[in-house]
Structure formats: C-alpha cells, structure tokens
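Enquirer: heads up, no residue letters with this:
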C-alpha cells in the first residue's frame with residue numbers, strides 16, 4: 001500500500017506549487033527572470049515601476065500589477081503575448097508595442113492557445129493595436145482603458161481590439177479612444193461586444209464575416225461611423241447609442257437575418273442608418289433623430305421588417321430610389337414620423353391616414369441634384385399638389401400604412417450626455 005500512497009502524494013504536489021505568488025520588483029530583468037522560474041498556475045505580482053518587456057506567457061500564469069506598474073515592450077513586437085490557456089493579465093499599464101501591421105504588434109496579443117484568457121482592468125497606451133484576440137476561444141477582455149495612436153492618417157493606426165477567428169470572445173465595458181476602429185472583428189462567430197465606450201475613431205464597431213454575435217449597450221460619440229455590420233448574418237444590435245457620429249450611425253452592408261432594436265442615433269450624421277443589399281432584418285424600436293437622412297436603403301434591400309421606429313427632425317426622413325412599393329409596418333403597427341400631420345380620431349395610437357415619406361420630386365432631386373434650383377417654382381408645387389390629390393400618380397417607394405402617433409423614447413445616461421456635450425464644445429472650438 002505504500003507505493004500507491006506515495007504516488008498520490010507526488011500527484012498532489014503540483015497542485016500545491018500552483019498556488020505560488022511571486023513578487024516581481026521593477027527594473028532590470030526581474031520580470032524576465034521571474035518568467036523563467038514561474039510554474040503553471042503561479043501569479044506574478046508586479047511592483048510599481050517599469051518592467052522591461054516583451055514578455056510571453058507560455059504557461060497558465062497570471063500577471064497582476066500593483067498601481068503604477070508598467071510593462072514596456074521596448075518597441076519590439078507585442079508587449080505581452082499570451083499563448084497558454086487560463087492565463088490572466090490584470091491591472092497593468094502596458095505600452096511600447098512595435099509598429100508592424102503584418103505582425104499585428106499589440107499591447108496584449110492572445111494567440112490560438114490562449115483559450116479562456118482574461119485581460120482585465122489594464123491601461124493600454126500608444127500601442128499599434130490595443131488587444132489582439134487572434135484565435136483565442138472564449139477570451140474575456142473587460143474594463144480596460146485603451147488609448148490608441150494618433151497618427152496623422154487614421155488608416156495607419158491599429159484597432160483598439162482586433163478579433164480574428166475567436167469564437168466565444170467577449171469584449172465588455174472597455175473605454176476605447178483614438179486609433180482606427182474601436183473593435184474590428186473578422187471571420188469569427190458567437191462574440192459579445194457589450195457596454196463599451198468609443199470616441200475619436202473611424203468605426204466604433206466594425207463587423208466583417210462574423211456571425212451569430214451580439215452588440216449590446218455600447219456608446220459611440222464623435223466617430224466617423226458608429227456600428228458597421230458588414231457581410232455578417234444573425235447579429236443582434238440592441239440598445240446602442242450613436243451620438244454625433246459623422247457619416248452613419250448604423251450601417252448594414254450585406255448583413256442578413258439580424259435584429260436591430262432599441263438603438264438611438266442622433267446629432268448631425270449624414271445618414272442615421274444606411275442599408276445596402278441587406279435582407280430579412282428586423283429594424284424595430286429605434287430612434288433616428290437630427291440627421292441629414294433618417295434612413296437610406298438601396299440595392300434591393302426590401303425584405304426587411306421596419307416597425308416601431310421614430311424618425312424625428314431628419315432633413316430627409318427616407319431616401320429610397322426604386323419602383324417597388326415597400327410597406328413599413330408590421331402587424332398593424334408602423335413608425336413615428338415627426339413631419340406627419342396626422343390625426344387619431346379613435347385614440348388607438350395609430351394615425352388615421354397612410355404616410356409616404358417621399359414623392360416624385362424627391363426622386364428627381366436625388367437623381368438630378370441640379371433640379372434643387374427649381375424647388376420654389378410653380379411647376380414643382382403643381383407636381384406635389386397633384387400627387388397629394390391623386391395618390392395613383394405617386395412613384396414606388398416607402399408606404400407606412402399604420403404610422404404611430406407617439407415616438408419611442410430612448411434615454412441617455414447623464415454621464416454620457418456630459419461626454420456628448422464635451423465633444424460638441426471641442427468640435428465647435430476647433
């Protein structure tokens with residue numbers, strides 16, 4: 001019986017070793033030396049000061065930083081690379097990545113072997129890419145502050161978080177500013193991007209070939225474009241805010257079978273929403289406010305359910321050039337239109353008349369912009385009066401047979417409104 005007992009004792013020995021906590025002083029090569037001796041499951045506790053990188057976690061390890069502990073990659077490669085499962089990087093200031101787009105030099109790189117890796121509560125400053133989730137399944141990136149580069153040409157910068165072929169990755173509650181795109185995902189699936197803040201970027205969230213994923217409760221302020229869902233299917237985009245993004249709030253480009261619900265786009269975008277060759281989507285309960293165009297859809301994007309939305313104060317509520325009639329109501333409920341002088345005599349919340357956001361002159365103006373010079377002419381007024389009196393003369397386009405009398409309300413938290421005001425003040429002063 002002695003041999004089995006001795007064997008059992010030897011088998012439990014590694015479990016005891018895993019609990020080790022190693023204090024790593026700053027300076028010199030202390031971090032590199034600690035990495036040589038650390039065993040799987042150890043925690044390396046980094047003292048305040050600068051720790052020379054780059055560093056690779058090739059065993060399941062935890063890097064936990066004290067306040068003001070800095071990992072500096074020295075301008076070569078990625079500052080921290082994680083290639084082992086169940087590893088963690090927490091509470092560190094990480095900077096000094098290289099500048100290679102081909103190698104995707106990052107503050108933190110999670111490779112295919114970094115299954116269930118966690119990158120939590122760090123501050124990543126001036127790296128080419130902030131965090132690269134490169135094939136790591138079920139990774140968690142949460143509560144980080146990512147400050148990207150500010151190169152003159154935005155496309156020369158890297159992304160805050162880059163997700164490639166990383167099923168199950170979750171990117172939550174991060175504050176991402178500068179760089180190129182906040183989150184760029186490509187060739188992935190089953191990802192969740194939730195409650196992140198994006199500012200001063202090209203795209204807040206950029207989807208390419210990523211299916212069965214969720215974009216929930218994010219805030220985009222002052223970016224070129226808020227949420228670009230491209231070449232992806234079965235996406236849920238719910239409860240996101242796009243405030244004063246420059247070009248589009250939400251864009252669906254070859255995005256299909258997705259639910260776009262409860263989002264707010266407001267404040268000066270060229271297009272609150274742009275839909276291009278996107279089919280079988282549910283666009284419900286959103287609020288599109290104060291854009292040059294409320295919603296622009298084209299390239300055969302007719303097989304969508306558009307209902308329960310509010311179009312408020314957009315210069316052009318809908319831009320659609322086509323010959324087909326497209327119904328924008330579902331199960332007896334349409335959308336709210338701020339320019340619809342409607343009546344509701346039976347008090348059921350549904351306007352008593354049909355609403356058509358566009359007429360023949362709109363189509364002429366879109367195809368022949370020079371015709372705007374004739375807007376005040378009697379001929380134009382006669383055409384519009386004829387169409388209002390004889391609906392059969394109307395061209396194809398959007399018809400809302402059951403327009404709503406009251407708009408959906410989507411509240412904006414006070415702290416987000418303060419950031420929106422700060423952005424507007426900065427924009428006016430520039």
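Expert: Ah, there it is. Only a predicted model underlies this, so the values are computations on that prediction, with no experimental measurement involved.
Enquirer: what about residue 33, which helix or strand?
Expert: helix 30-37 (DSSP states H and E).
Enquirer: Quick one: distance of that helix to the chain centre.
Expert: Relative to the centre of its chain, helix 30-37 is centred 38 Å away, using C-alpha atoms, centre = their mean, to the nearest Å.
Enquirer: what's the answer for stretch 33-49, then?
Expert: 35 Å.
Enquirer: Also stretch 398-408?
Expert: Put simply, stretch 398-408 sits 28 Å off its chain's centre (C-alpha atoms, centre = their mean).
Enquirer: Kindly check the end-to-end length of it for me.
Expert: One end of stretch 398-408 to the other measures 20 Å (C-alpha to C-alpha, to the nearest Å).
Enquirer: quick one on the thing from earlier: buried set for the helix holding residue 33?
Expert: 30-31, 34-35 (16 or more other C-beta atoms under 10 Å). C-betas here are computed from N, CA, C, even on glycine.
Enquirer: could those residues be laid out in TSV, adding pLDDT?
Expert: Listed next are these as TSV, based on pLDDT from 0 to 100:
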residue	pLDDT
30	94
31	95
34	94
35	93
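Enquirer: which one of these is nearest residue 223?
Expert: Proximity of the buried residues of helix 30-37 to residue 223 (C-beta to C-beta) peaks at residue 31, which lies at 35.9 Å.
Enquirer: shouldn't the closest one be in contact with residue 52?
Expert: Yes - Residue 31 is in contact with residue 52 according to C-beta atoms under 8 Å; the separation is 6.5 Å.
Enquirer: anything in contact with each of the two?
Expert: Taking C-beta atoms under 8 Å, 6 or more residues apart in numbering as the contact rule, residue 31 and residue 52 touch no residue in common.
Enquirer: Starting from the longest strand anywhere in the chain, tell me which strands it pairs with and how they run.
Expert: The strand that spans the most residues within the chain, counting by DSSP state E, is strand 203-211. Next to strand 203-211 in the sheet, as set by DSSP bridges, lie strand 183-189 (parallel), strand 225-230 (parallel).
Enquirer: The first one: which residues count as buried?
Expert: Along strand 183-189, the positions that meet the burial threshold by neighbour count (16+ other C-beta under 10 Å) are 183-186, 188-189.
Enquirer: now those in TSV, with pLDDT and distance to residue 404?
Expert: Formatted as TSV, the buried residues of strand 183-189 follow (pLDDT from 0 to 100; distance: C-beta to C-beta, whole Å):
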residue	pLDDT	distance to residue 404
183	98	33
184	98	36
185	98	34
186	97	38
188	98	37
189	97	36
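Enquirer: got the buried residues for stretch 59-67?
Expert: Buried residues in stretch 59-67, counted by 16+ other C-beta under 10 Å: 59-65.
Enquirer: contact partners of that stretch?
Expert: 35, 38-48, 55, 57, 71, 80, 84-93, 122.
Enquirer: again, only this time at 7 Å
Expert: 38, 40-48, 57, 84-92 (C-beta atoms under 7 Å, 6 or more residues apart in numbering).
Enquirer: Same question for stretch 190-203.
Expert: 154, 163, 167-183, 185, 204-205, 210, 212-225, 228.
Enquirer: What's the end-to-end length of that stretch?
Expert: 20 Å.
Enquirer: go on, stretch 109-127?
Expert: Start-to-end, stretch 109-127 (C-alpha to C-alpha) is 11 Å.
Enquirer: buried sites along it?
Expert: Judged by neighbour count (16+ other C-beta under 10 Å), stretch 109-127 contains these buried residues: 109-111, 113-115, 117-127.
Enquirer: and residue 421, that's in a helix?
Expert: Yes - under DSSP: H, G, I helix; E, B strand; the rest coil, residue 421 falls within a helix.
Enquirer: Tell me, how many residues neighbour it?
Expert: By other C-beta atoms under 10 Å, the residues close to residue 421 number 10.
Enquirer: so which strand or helix has residue 426?
Expert: Following DSSP H and E, one finds residue 426 within helix 414-429.
Enquirer: List of residues touching that helix?
Expert: 219, 221-222, 241, 243-244.
Enquirer: Distance check, residue 209 against residue 192.
Expert: 17 Å (C-beta to C-beta, to the nearest Å).
Enquirer: If you tally nearby residues, what's the number for residue 106?
Expert: With other C-beta under 10 Å as criterion, residue 106 counts 29.
Enquirer: need the helices for this structure, in chain order.
Expert: All helices of the chain, identified by DSSP state H, fall at 2-17, 30-37, 360-367, 378-389, 414-429.
Enquirer: Just the pLDDT for the most centrally placed residue in the chain.
Expert: Note on the chain: the residue nearest the mean C-alpha position is residue 205, at 2.6 Å, using C-alpha atoms, centre = their mean. pLDDT recorded at residue 205 is 98.
Enquirer: For residue 230, give me the pLDDT.
Expert: Residue 230 carries a pLDDT value of 97.
Enquirer: ok, now residue 41?
Expert: 95.
Enquirer: need the contact list for residue 163.
Expert: By C-beta under 7 Å, 6+ apart, the residues touching residue 163 are 133, 169, 183, 185, 188, 191.
Enquirer: which non-adjacent residue is nearest it?
Expert: Nearest residue to residue 163, sequence neighbours excluded (C-beta to C-beta, 6 or more residues apart in numbering): residue 185, at 4.0 Å.
Enquirer: what's the answer for residue 303, then?
Expert: Nearest in space to residue 303, with sequence neighbours left out and distances taken as C-beta to C-beta, 6+ apart, is residue 279 at 4.5 Å.
Enquirer: what's the distance between the one you found and residue 203?
Expert: Residue 279 is 22 Å from residue 203, by C-beta to C-beta.
Enquirer: So between those two, which is more surrounded?
Expert: When residue 279 and residue 203 are compared for neighbours, residue 203 comes out ahead with 25 against 17, by other C-beta under 10 Å.
Enquirer: any idea how far that one lies from residue 111?
Expert: 25 Å.
Enquirer: swap in residue 92?
Expert: The value you get for residue 92 to residue 111, if C-beta to C-beta is used, is 18 Å.
Enquirer: Check residue 400 too.
Expert: Counting by C-beta to C-beta, the separation of residue 400 from residue 111 is 51 Å.
Enquirer: Can you get me a residue count around the residue lying closest to residue 146 once chain neighbours are set aside?
Expert: Distances taken as C-beta to C-beta, 6+ apart put residue 130 closest to residue 146, at 3.8 Å, once the chain neighbours are dropped. By other C-beta under 10 Å, the residues close to residue 130 number 33.
Enquirer: residues touching residue 130, list them.
Expert: 106-107, 124, 146, 148, 160-161, 179.
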